[in-house]
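Here is my input, please return the structure:
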Amino acid sequence: GQSGDVVLATGNSTVASAGNLILTVGQSEAANGGHVLVTAGASQISNGGDIAIRGGPSTVSKGGNVLIAGGKSDSSGTRGDVEIDGARVTFEAEEIVSISSENIDVSADESLVLSAESILLDATNELAVSLNGESVDLLDLLTRVLKHFEEAPSYAEVLLRLAKLEALVGDYPRTELMQN
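Presented below is the predicted three-dimensional model:
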């Protein structure tokens, strides 16, 4: 049969804030602080259990936030890592997904697809693309391509040149031109 549940709950309130649930582990002066480990149940035949962390809903105002942050060192100011690992990782937002960092490295073993109504790449010094291990300055490449198109003849000029060429070779039989 099914095993029993453990429920940790706080009280509700109609006027003031509802009760909080605080889970704190021990601190250490000389070694690592205590760990918090939350593990969902395993299964030998079916799927393992899920872990869901959700902000509280609101009927009238905005729902509650969810914050996951690595701990911050008082002396160095650096934070601990936050790692997300799974077969698929999905980010969904109703409005904006914002990623801010000193450096961002996005890599994929097979393909990386960016799809949007518009995509803006903005760089101050260099915007480079690497293909087969060779780096290409994308801004320089785009500048050269645009310059090439500016110098290229227009469609009307191409038609005019073709008409002149046809006029020049019009007197020769086509079979003779094909043989040469």
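
how far away is the residue nearest the centre of the chain from I99?
Nearest residue to the geometric centre of the chain (Cα atoms, centre = their mean): V106, 7.5 Å. With the distance defined as Cβ to Cβ, to the nearest Å, V106 ends up 9 Å from I99. No exception for glycine: its C-beta is placed from N, CA and C like everyone else's.

Same check on D85?
Look at D85 and I99: by Cβ to Cβ, they are 18 Å apart.

Any idea how many residues pack against V113?
A count of neighbours around V113, defined by other Cβ atoms under 10 Å, yields 5.

Just the pLDDT for it.
V113 is assigned 87 on the pLDDT scale.

Tell me if it really is in a strand.
No. V113: not assigned to a strand; according to DSSP: H, G, I helix; E, B strand; the rest coil it is coil.

give me the element the residue lying closest to A18 once chain neighbours are set aside is part of.
Counting by Cβ to Cβ, 6 or more residues apart in numbering, A18 lies nearest to N12, which is 5.4 Å off, once chain neighbours are set aside. Remark: N12 resides in no helix or strand, with elements defined by DSSP states H and E.

thought N12 was touching G56?
No. Counting by Cβ atoms under 8 Å, N12 does not reach G56; the two are 11.6 Å apart.

quick one, helices of the chain?
Listed in chain order, the helices of the chain (DSSP state H) span 138-151, 155-169, 174-179.

can you redo those helices as TSV with mean pLDDT and distance to G34?
Shown next, in TSV, are those (pLDDT from 0 to 100; distance: least, Cβ to Cβ, whole Å):
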stretch	mean pLDDT	distance to G34
helix 138-151	81	49
helix 155-169	81	73
helix 174-179	56	87
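
mind putting those in CSV, mean neighbour count included?
Shown next, in CSV, are the helices of the chain (neighbours: other Cβ atoms under 10 Å):
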stretch, mean neighbour count
helix 138-151, 10
helix 155-169, 10
helix 174-179, 8
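
Same list as before, these that is, but in JSON lines and with distance to T39 included.
Below are the helices of the chain laid out as JSON lines (distance: least, Cβ to Cβ, whole Å):
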{"stretch": "helix 138-151", "distance to T39": "45"}
{"stretch": "helix 155-169", "distance to T39": "66"}
{"stretch": "helix 174-179", "distance to T39": "78"}
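
so where do the strands sit in the protein?
Ranges of strands in the chain, per DSSP state E, are 128-131, 134-137.

Considering these, which stretch scores lowest in mean pLDDT?
strand 128-131 (a mean of 79).

partners of that one in the sheet?
Under the criterion DSSP bridges, strand 128-131 sits next to strand 134-137 (antiparallel) in its sheet.

quick one: least confident helix or strand in the chain?
When the helices and strands of the chain are compared on mean pLDDT, DSSP states H and E, helix 174-179 comes out lowest with a mean of 56.
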